[in-house]
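# Quick one, structure for this:
(2 chains)
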Amino acid sequence: QKEVEQNSGPLSVPEGAIASLNCTYSDQGSQSFFWYRQYSGKSPELIMFIYSNGDKEDGRFTAQLNKASQYVSLLIRDSQPSDSATYLCAAKYGNKLVFGAGTILRVKS
Amino acid sequence: EAGVTQSPTHLIKTRGQQATLRCSPISGHTSVYWYQQALGLGLQFLLWYDEGEERNRGNFPPRFSGRQFPNYSSELNVNALELEDSALYLCASSYLDRAPYEQYFGPGTRLTVT
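A predicted model of the protein is given here:
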């Protein structure tokens, strides 16, 4: 059973702080990982993908992957109220994405 | 470049009826994926089509089916609708031959079964 686990939250952070979102996966067969942002009532929007161990930065977002620990994280620097959403972690198995249940992030101004 | 499009936006059906949902992928993408997002259950993989063929399906009954047309657009059919089929149905598309094969989602179709 391929599973992706996320803390459902909500994770509350003050505006300007760093938000840290975490995800673990059960099957080492996955080589690619994706972070999506989903606003309430909307469809998921791709933020970043990562498939190499280490960090990958894109603007205010940094994805981190540790394959030995089967752990993926997303850091959001200088969090803004507009970052408030559900963040979905997904692991790719073949051509199928297995999603975690998502973490609700609330950025308070 | 236009994104993934889906129609209709909302669909209301009665138990036992059939629903048809449509999806057009991003230009150049050959793979289309269907997901179900029911309240409180997260995103569940339904079906994957590529080059007109069903390549993989998730753990859903056979009354969930679909097809992909020569222009790569796709249709999802749900027969004998049940109340628990009420959900947001999301279509995504990707390249099949360009890593990391990231998937982009359409706006979804909200299906309500009464």
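# Near chain A, which residues of chain B? Just list them.
Proximity of chain B to chain A (Cβ under 8 Å from any Cβ of the partner chain) is limited to residues B:31, B:33, B:35, B:42-45, B:48, B:50, B:55-56, B:58, B:88, B:90, B:92, B:94, B:96, B:99-108. C-beta: built from backbone N, CA, C; applies to glycine.
# is chain B contacted by the longest strand seen in chain A?
Longest strand in chain A, counting residues (DSSP state E): strand A:85-93. Yes. Strand A:85-93 is in contact with chain B by Cβ under 8 Å from any Cβ, via A:88, A:90, A:92.
# burial count for residue A:47?
For residue A:47, the neighbour count with other Cβ atoms under 10 Å in any protein chain shown is 18.
# Next one: it relative to residue A:38, how far apart?
Distance of residue A:47 to residue A:38, computed by Cβ to Cβ, to the nearest Å: 10 Å.
# Between these two, which contacts overlap?
Here residue A:47 and residue A:38 share the contacting residues residue A:87, scored by Cβ atoms under 8 Å, 6 or more residues apart in numbering or on different chains.
# Look up the closest residue to residue B:60, ignoring the ones flanking it.
Nearest non-adjacent residue to residue B:60, counting by Cβ to Cβ, 6 or more residues apart in numbering or on different chains: residue B:46, 5.7 Å away.
# If you could redo that for residue A:44, that was the one I meant.
residue A:36 (3.8 Å).
# ok, and what's touching the lowest-mean-pLDDT helix or strand in chain A?
None of the helices or strands of chain A scores lower by mean pLDDT, DSSP states H and E than strand A:96-99, at a mean of 88. Here strand A:96-99 makes contact (Cβ under 8 Å, 6+ apart) with A:2-4, A:25, A:30, A:34, A:36, A:88-92, B:33, B:35, B:42-45, B:48, B:56, B:58, B:92, B:103.
# circling back to that earlier point, list buried members of the residues of chain B next to chain A by neighbour count.
Among these, those classed as buried by 16 or more other Cβ atoms under 10 Å in any protein chain shown are B:31, B:33, B:35, B:42-45, B:48, B:50, B:55, B:58, B:88, B:90, B:92, B:94, B:101-108.
# so what's the residue lying farthest from the centre of chain A up against?
Relative to the centre of chain A, and counting by Cα atoms, centre = their mean, the farthest-placed residue is residue A:109 at 22.0 Å. Counting by Cβ under 8 Å, 6+ apart, residue A:109 touches A:15, A:81.
# residues near residue A:22, how many?
Other residues near residue A:22 come to 17 when the count uses other Cβ under 10 Å.
# In this structure residue B:22 contacts residue B:74, no?
Yes. Counting by Cβ atoms under 8 Å, residue B:22 does reach residue B:74; the two are 7.4 Å apart.
# So if I had to pick from the two, which one is more boxed in?
Ranked by neighbour count (other Cβ under 10 Å), residue B:22 and residue B:74 place residue B:74 first, with 25 against 17.
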